[in-house]
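Visitor: fold the following and give me the result.
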Amino acid sequence: MISKEHTWIKVKEISLRDDERIDDLQRNHYGIIQRKGAFCFGMDAVLLSGFAVVKEGEKVLDLGTGTGIIPILLSAKTQGMHFTGLEIQEESADMARRSVAYNGLEDRVEIVTGDIKEAGTLFDRASFDVVTSNPPYMNDAHGIKNPQDAKAIARHEVLCTLEDVVREGTRVLRPGGRFYMVHRPRRLIEIIQTMKMHGLEPKRMKFVHPYRDREANMVLIEAVRGGGALLKAEPPVIVFDENGEYSEEIRTTYGY
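Guide: The predicted structure is shown next:
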């Protein structure tokens, strides 16, 4: 949808608003459209794309894809057959579609506008091998001035809850399929309980620490639909080394 309030330009046959830019993803010469002042992807999305395992020929669904960062990165990093991003905000979905076109990924990546709470009806049941999600972390939305603001929707459970994400993700995941999520450690017990309630068994977990001597501020989780009860805690990710530079693992994940 083209807004009359902004000037549009053409870059590689893709329309860009005058307040948008294309950021280099350091993978396959891919770029992603981001908008000044809007919610932009962060390290959590990049780490999730590095943690998720997508095998050759598999189909992947990203719930709450925003501007499409996770499907685009996974298409660059894996041999997955097809990637679908589900996003409720039309402006974000439009940016994601233009990024897909900019990278020439129309045959592998599709962006669908729709509600996470309806994923089980928007897509066939048990039709995906992998589901990923970088959902809103905050479950306390009190005091938000504008609940329709893109940043508020991305950060707070305004339009969907943790249970919505897990429930609908499980519905579209085939038996034995894998569910990947990045979230906050403070909600880890709730996450595990919710996953188990809906038939997902946590199998791998990895904490992310900003520095070696700081507490974790993110956790990466892999769960399997109908899997057995065996959880492996992997070595943690340390973002910055003692010199304040990105660690080797972060540099590898980002493709530096």
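Visitor: can you give the distance of stretch 86-95 from its chain's centre?
Guide: Relative to the centre of its chain, stretch 86-95 is centred 13 Å away, using C-alpha atoms, centre = their mean, to the nearest Å.
Visitor: does A126 lie in a helix or a strand, and which?
Guide: Assigned by DSSP states H and E, A126 falls within no helix or strand.
Visitor: that one contacts P175, correct?
Guide: Yes - counting by C-beta atoms under 8 Å, P175 is a contact partner of A126 at 6.7 Å. Where you see a C-beta, it was placed from the backbone N, CA and C, and this is true even at glycine.
Visitor: mind checking which of those two has more residues around it?
Guide: The neighbour count for A126 versus P175, taken as other C-beta atoms under 10 Å, is higher for A126 (15 against 10).
Visitor: which residues touch that one?
Guide: Going by C-beta atoms under 8 Å, 6 or more residues apart in numbering, A126 touches R171, V172, L173, R174, P175, G177.
Visitor: and with 6 Å instead?
Guide: For A126, the contact set (C-beta atoms under 6 Å, 6 or more residues apart in numbering) comprises R174.
Visitor: do the same with the one 4 residues further on
Guide: Applying C-beta under 6 Å, 6+ apart, one finds that V130 lies in contact with V54, E58, V60, R178.
Visitor: who does the last one form a beta bridge with?
Guide: Partner residues in beta bridges with R178, using DSSP bridges, are V130, V224.
Visitor: for it, give me the pLDDT.
Guide: We have a pLDDT of 98 for R178.
Visitor: so where's the stretch 51-200 of the chain uncertain?
Guide: 137-159 (pLDDT under 70).
Visitor: repeat that for 90
Guide: Along the stretch 51-200 of the chain, the parts satisfying pLDDT under 90 run over 136-160.
Visitor: how about the strands in it?
Guide: In the stretch 51-200 of the chain, the segments counted as strands under DSSP state E, counting those that start in this stretch are 59-63, 82-87, 109-113, 128-133, 173-183, 200-209.
Visitor: helices or strands up against the first one?
Guide: Translated: strand 59-63. In terms of contacts (3 or more C-beta pairs under 6 Å, 6 or more residues apart in numbering; DSSP states H and E), strand 59-63 is packed against strand 82-87, strand 128-133, helix 162-172.
Visitor: repeat that for 10 Å
Guide: helix 43-51, helix 69-77, strand 82-87, strand 109-113, helix 119-122, strand 128-133, helix 162-172, strand 173-183 (3 or more C-beta pairs under 10 Å, 6 or more residues apart in numbering; DSSP states H and E).
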